[in-house]
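K.L.:
What follows is a predicted protein model with its sequence.
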Amino acid sequence: MAEIEDIKEVSEEKSGDTKSKLIEFGIYGTSALVFLIIAYFLVNSLYPGIYKLQNLEKPDNSVKTVDQPEAEYDLLMLKTVVNPKGSGANRFLMVEVAINPLLDFSSEFDKMNPMLTSLTGEYFSSKTVEELSEVKNRELFKRELAEQINRYTKAETGNNLVYELYFVQFIMQ
């Protein structure tokens, strides 16, 4: 009987050791998992700043974006006055648009100026007074007008004209 009790004690000690080893393994595993999660969030939050600093020191000039001017050209100006849609000719908009061109369009621009001015007038006359009054819509107007001008110049010359578009004057009365 003594032998059976000794076997029970030994098996209880082994099961106690196994439980403590499992608990110890669980603590180490949980600690490692917490460490990895903290490291992930730390690297994820700091890496964009480090990446930006590294690329500022060594700019890659071999990469050119599409529709990026190779040189600076004179701004091309369009000026028009229109009555907004639904204003009953009681309101008017005077807008002067400056175009930063992709290519040297100075010779073609003189020929296209009447059509581009008309296109600009038609674009703004299709907008209501409420739309034109909202300052937040100006970026949308710039984008849409640039697309229309590029569509026209691409059809006429085979190239886009607009790199950037600015409203020099945007006066509504």
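P.N.:
Ah, there it is.
K.L.:
State the distance from Glu96 to Tyr28.
P.N.:
In this view, Glu96 and Tyr28 are 71 Å apart by CB to CB, to the nearest Å. In short, each C-beta sits where N, CA and C put it, glycine included.
K.L.:
Any stretches of this structure with poor pLDDT?
P.N.:
Scanning the chain with the threshold set as pLDDT under 70 gives 1-16, 51-71.
K.L.:
ok, which stretches of it are helices?
P.N.:
For the chain, the helices identified by DSSP state H occupy 2-57, 106-125, 129-133, 138-157, in order along the chain.
K.L.:
just so I know, which of these lies nearest Thr80?
P.N.:
Evaluated with CB to CB, these place helix 106-125 nearest to Thr80, the distance being 4.3 Å.
K.L.:
got a list of what Pro84 touches?
P.N.:
Pro84 makes contacts with Arg91, Phe92, Leu93, Phe124, Ser125, Lys127, Thr128, Val129, Glu131, Leu132, Met172, as judged by CB atoms under 8 Å, 6 or more residues apart in numbering.
K.L.:
could you redo the last one with a cut-off of 10 Å?
P.N.:
Remark: with contacts taken as CB atoms under 10 Å, 6 or more residues apart in numbering, Pro84 is in contact with 90-93, 124-133, 172.
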